[in-house]
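> okay, sequence plus prediction incoming.
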Amino acid sequence: MALPWLQRAELVLFAAAFLSGAVAAAALTRTQGSFGGSCPLYGVVALNGSSLTLSSPSAPSLCYFVAGASGLLALYCLLLLFFWVYSSCIEDSHRGSVGLRIALAISAIAIFLVLVSACVLRFGTNSLCSSIISLNHTISCPEAQKFSWTPPGTAVQFYTNLHNAETSSWVNLILWCLALMLQVVQCKSKATPYQPQERGDPEWSSETDALVGHRQSHS
């Protein structure tokens with residue numbers, strides 16, 4: 001069964017949301033791994049001789065939350081794509097009003113989670129960069145990637161990864177908002193469907209009787 005065009009557009013948005021969510025989760029996980037499992041968001045950097053070190057990292061659960069939320073939503077998008085592709089090609093299934101309401105609730109929760117994740121990435125990265133710049137060892141956070149860190153090998157491309165994770169999260173937020181808008185339009189169209197009247201319908205019969213009676217009164 002061919003899916004309605006609004007639902008097909010929704011699935012295209014979910015495909016893009018899967019990619020952006022996966023990029024955000026992978027970039028943040030890579031950054032946390034480069035700091036030996038410590039979360040650099042909102043962290044404090046100190047000088048250790050001529051090298052930099054993350055002296056006060058945030059709780060690892062903060063990065064786990066952001067990466068986990070992005071990863072789980074990306075997995076949801078992927079499973080949803082597989083389900084509707086299978087349903088449209090193999091089975092004769094469609095999404096009813098109850099399923100649409102459930103999808104609306106999930107999208108609203110997803111928007112909240114992605115918004116929180118994007119804000120944590122934005123302000124957490126800014127706090128980390130402010131701590132680095134306050135040391136007067138470098139004038140920008142991207143340049144700090146070129147300095148040596150303690151222990152050696154720490155903070156490999158940390159700013160690039162955090163920037164990619166933040167950008168992907170904001171893109172993901174826009175995609176989820178667009179998907180929610182499409183779902184609202186579909187919900188309204190299901191609530192007030194257009195059904196042409198046919199002979200035998202009570203409303204058609206009453207209107208016909210009114211017209212015929214009106215004509216007979218003039219004859």
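Happy to help now that I have it. Numbering: from 1, shown residues only.

> quick one, what contacts the residue most central in space within the chain?
Geometric centre of the chain, nearest residue: Asn172, 3.9 Å, by Cα atoms, centre = their mean. Contact analysis of Asn172 by Cβ atoms under 8 Å, 6 or more residues apart in numbering lists 17, 20-21, 24, 70, 73, 114, 118. The way it works is simple: take the backbone N, C-alpha and C, and place the C-beta from them, glycine included.

> pull the contacting residues for the nearest residue to it once chain neighbours are set aside.
Using Cβ to Cβ, 6 or more residues apart in numbering and skipping the chain neighbours, the partner closest in space to Asn172 is Ser20 (4.2 Å). Ser20 makes contact with 74, 168-169, 171-172, 175, according to Cβ under 8 Å, 6+ apart.

> of those - the most surrounded one?
Highest neighbour count within the contacts of Ser20: Asn172, with 30 neighbours (other Cβ atoms under 10 Å).

> for the longest strand along the chain, packing partners?
When the chain is parsed with DSSP state E, its longest strand is strand 39-48. Applying 3 or more Cβ pairs under 8 Å, 6 or more residues apart in numbering; DSSP states H and E, one finds that strand 39-48 contacts helix 5-34, strand 51-58, helix 60-89, helix 97-133, helix 158-191.

> now with 6 Å?
strand 51-58, helix 60-89, helix 97-133 (3 or more Cβ pairs under 6 Å, 6 or more residues apart in numbering; DSSP states H and E).

> the inter-axis angle of the longest one versus strand 51-58?
On the basis of axes from the mean of the first three to the mean of the last three Cα atoms, to 10 degrees, helix 97-133 is oriented at 140 degrees to strand 51-58.

> list the buried residues for helix 97-133?
By neighbour count on 16 or more other Cβ atoms under 10 Å, the buried set for helix 97-133 is 100, 103-104, 106-107, 110-111, 113-115, 117-118, 120-121, 124-125, 128-129, 131-133.

> right, I'll leave it there.
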